[in-house]
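In: this is a predicted model, with the sequence first.
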Amino acid sequence: MSLVLDANPEILDLAFSDLTQGRRSDTGRKGMTAEQVLHCALLKHLRELTYADLEFFLADSYSLRTFVKLRQDQCPSTSTLQSNIKRLREESWI
């Protein structure tokens, strides 16, 4: 799946647009990248996980963290995962 996403960067552009629409990029703390959010959304959907389960598996599994491309010190909470993934518009998935 990662190879498919890497070969189609326009998918990442759509996700980035969804995540940054109407938001300032020069304030606030560093959050998840569009690539991380997209990978998390795919993982959640493919494994049929709840947001709480997704948080647990990302904290527990090195291979899933690698797929999602999380930094060593990065462990998104359930609410962070939910708010980011829900910002991806339906049109971006088509």
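Out: All right, it came through fine. Residues are numbered from 1 along each chain as shown.

In: tell me the contacts of residue 40?
Out: 32, 54, 58, 68, 76, 81, 84, 85 (Cβ atoms under 8 Å, 6 or more residues apart in numbering). Every residue, glycine included, has its C-beta placed from N, CA and C.

In: name the helix or strand for it, please.
Out: Assigned by DSSP states H and E, residue 40 falls within helix 34-47.

In: distance of residue 52 from residue 41?
Out: 15 Å (Cβ to Cβ, to the nearest Å).

In: ugh, wrong one, residue 72
Out: 22 Å.

In: the two: who's more crowded?
Out: Looking at residue 72 and residue 41 with other Cβ atoms under 10 Å, you find the greater number of neighbours at residue 41, namely 21 against 6.

In: list the contacts of the residue lying closest to that one once chain neighbours are set aside.
Out: The shortest distance from residue 41 to any non-neighbouring residue, by Cβ to Cβ, 6 or more residues apart in numbering, is to residue 85 (4.6 Å). The contact partners of residue 85, by Cβ under 8 Å, 6+ apart, come to 37, 40, 41, 44, 51.

In: which SS state does residue 85 fall under?
Out: With DSSP: H, G, I helix; E, B strand; the rest coil as the basis, residue 85 sits in helix.
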